[in-house]
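Chemist: Any chance you can model this:
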Amino acid sequence: MKKDIDENISFEKAIEELEDIIKSLEQGDVPLDNTIELYERGAKLKDFCEKKLKDAEIKIKKINENTKTKEIIMED
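Modeler: Presented below is the predicted three-dimensional model:
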């Protein structure tokens, strides 16, 4: 299992992998060592997804700010 997150992975693929990990852990039939590895991978995927969401939020705010600025200029 890959431990590091490929920065080129899409948000959707990361979520899909995270969901698979959660299902495996919820089933409870994974050996302890594998459980720890899965948990570690899941934590990294969670952090990756949160960062992607935060980056998207920042981009949206910038777009909205630019749109508001253009609207103000057009109104003058």
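Chemist: From here on, just use CA atoms for contacts and neighbour counts.
Modeler: Will do.
Chemist: now the helices for the protein?
Modeler: For the chain, applying DSSP state H gives helices covering 11-27, 32-75.
Chemist: between these, which one is nearest to Ile5?
Modeler: Nearest of the helices of the chain to Ile5, taken as CA to CA: helix 32-75 at 7.0 Å.
Chemist: roughly how far is that closest one from the heart of the chain?
Modeler: Distance of helix 32-75 from its chain centroid, counting by CA atoms, centre = their mean, to the nearest Å, is 7 Å.
Chemist: How about stretch 27-36?
Modeler: The answer for stretch 27-36 is 23 Å, by CA atoms, centre = their mean.
Chemist: Quote the end-to-end distance of it.
Modeler: With CA to CA, to the nearest Å as the measure, the first residue of stretch 27-36 is 14 Å from its last.
Chemist: Averaged pLDDT, that stretch. What do you get?
Modeler: When pLDDT is averaged along stretch 27-36, the result is 94.
Chemist: contact partners of that stretch?
Modeler: Applying CA atoms under 8 Å, 6 or more residues apart in numbering, the contact partners of stretch 27-36 are 24-25.
Chemist: Just the pLDDT for Glu75.
Modeler: Per-residue confidence (pLDDT) for Glu75: 58.
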